[in-house]
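In: Here is my input, please return the structure:
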Amino acid sequence: MNKCNRNAGIIIIGDEILSGMVKDSNSSYIIDHLRDVGIEIKKIVVIGDIIEEIGSTVREFSDAYDIVFTSGGIGPTHDDVTIEAISKGFSVDMVKHPALLRRLRQIIGKEPTEVQQRMALIPKGAEVVTDIDLGLPMIIYRNIYILPGIPSCLQRKVEVIKKILGSGRPPYVKKVYVDEYESAIANTLAGLAKDDPSVKIGSYPYMNDPEFRVMVSFTGYNKDNLDRSVERFVDSLPSHKIVRIETWLGDD
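Out: Sure thing, here's the model as predicted:
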């Protein structure tokens, strides 16, 4: 199922980005590849390895956007503080997750050291996704996808995120605003919906708008089918009843 029209924020974490030692390519990769599933990025920030700032920013983004992506700071070293920061930001403990420990043992070939086991820590209550296409499992806390900073590792996880959020491009959408009562167009819309189930039709009356009475939305993944349904609907009404038509194309 494709879930479209969601907004998101990206938080890039790491002193190395701010110092210029490493160039950020992860935000552009997320934008380019998740646009295909209808994710619209509203804001990107870059933060250094400061626990309090990371925690407060992630919490702010989590409240403001449908989805949040963090990148960086989930390795085993002292400056990998993203998990700790998110945990503190939401006032939850950090816990070691069995699936992450098992995967570390497989990769290392023996019991991981205490330092290596830092990579098994998650905020308590987080989900751990163990898709076959992932290296290390992916951590999701609330609406926050906690991603690595290494581009090749992040890219593998973005492909799995596309499967989670729904693959394929966003749908085509047309909105037809009509100066007509909903009851007068109900039979026409029912007939159009029956004739072509690939086009989802919604009818939304407006009580106090001086220009129009109803907005009718047409949503689908086949542009020709959608255009045909819209044309049939428009032709069913006198021209003066059509106030305006708005269009969003899935491949724009």
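In: could you list every residue that touches the spatially most central residue of the chain?
Out: For the chain, the residue nearest the mean C-alpha position is Ile39 (4.5 Å; C-alpha atoms, centre = their mean). Contacts for Ile39 (C-beta atoms under 8 Å, 6 or more residues apart in numbering) come out as 6-8, 67, 165. (C-beta placed from N, C-alpha, C; glycine too.)
In: quick one: it from Asn222, how far?
Out: For Ile39, the distance to Asn222 equals 22 Å [C-beta to C-beta, to the nearest Å].
In: what about the residue nearest to the centre of the chain, distance to Asp66?
Out: Note on Ile39: its distance to Asp66, by C-beta to C-beta, is 8 Å.
In: Please enumerate the shared neighbours of the two.
Out: Contact with both Ile39 and Asp66 is made by residues 6-8, according to C-beta under 8 Å, 6+ apart.
In: Return the closest of those residues with respect to Arg244.
Out: Nearest to Arg244 out of those is Asn7 (C-beta to C-beta; 24.9 Å).
In: Contact partners for Ser27?
Out: Ser27 touches 10, 12, 41, 44, 71, counting by C-beta under 8 Å, 6+ apart.
In: For Val92, state which of these is nearest.
Out: Ser71 (21.1 Å).
In: how about the residue nearest to the closest one when sequence neighbours are not counted, what does it touch?
Out: Leaving aside its sequence neighbours, Ser71 sits nearest to Asn26 (C-beta to C-beta, 6 or more residues apart in numbering; 4.4 Å). Contact analysis of Asn26 by C-beta under 8 Å, 6+ apart lists 10, 12, 71-72, 147, 149, 151, 154.
In: out of those, what pair is the most spread apart?
Out: Ile10 and Pro151 (13.9 Å).
In: The two: who's more crowded?
Out: Ile10 (26 against 15; other C-beta atoms under 10 Å).
In: Can I take it that that one is in a helix?
Out: No - per DSSP: H, G, I helix; E, B strand; the rest coil, Ile10 lies outside any helix segment and is strand.
In: what about the nearest residue to it once chain neighbours are set aside, which helix or strand?
Out: Excluding the flanking residues, the one nearest Ile10 by C-beta to C-beta, 6+ apart is Ile44, at 4.5 Å. Element membership for Ile44 (DSSP states H and E) is strand 39-47.
In: buried stuff in the very next helix or strand once past that strand?
Out: Following strand 39-47 in sequence order, the next helix or strand is helix 51-64 (DSSP H and E). Within helix 51-64, the residues scored as buried using 16 or more other C-beta atoms under 10 Å are 51, 54-55, 57-62.
In: As JSON lines, those with distance to Glu114 and pLDDT would be great.
Out: Shown next, in JSON lines, are these (distance: C-beta to C-beta, whole Å; pLDDT from 0 to 100):
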{"residue": "Ile51", "distance to Glu114": "20", "pLDDT": "97"}
{"residue": "Ile54", "distance to Glu114": "23", "pLDDT": "98"}
{"residue": "Gly55", "distance to Glu114": "23", "pLDDT": "98"}
{"residue": "Thr57", "distance to Glu114": "29", "pLDDT": "98"}
{"residue": "Val58", "distance to Glu114": "26", "pLDDT": "98"}
{"residue": "Arg59", "distance to Glu114": "28", "pLDDT": "98"}
{"residue": "Glu60", "distance to Glu114": "32", "pLDDT": "98"}
{"residue": "Phe61", "distance to Glu114": "31", "pLDDT": "98"}
{"residue": "Ser62", "distance to Glu114": "30", "pLDDT": "98"}
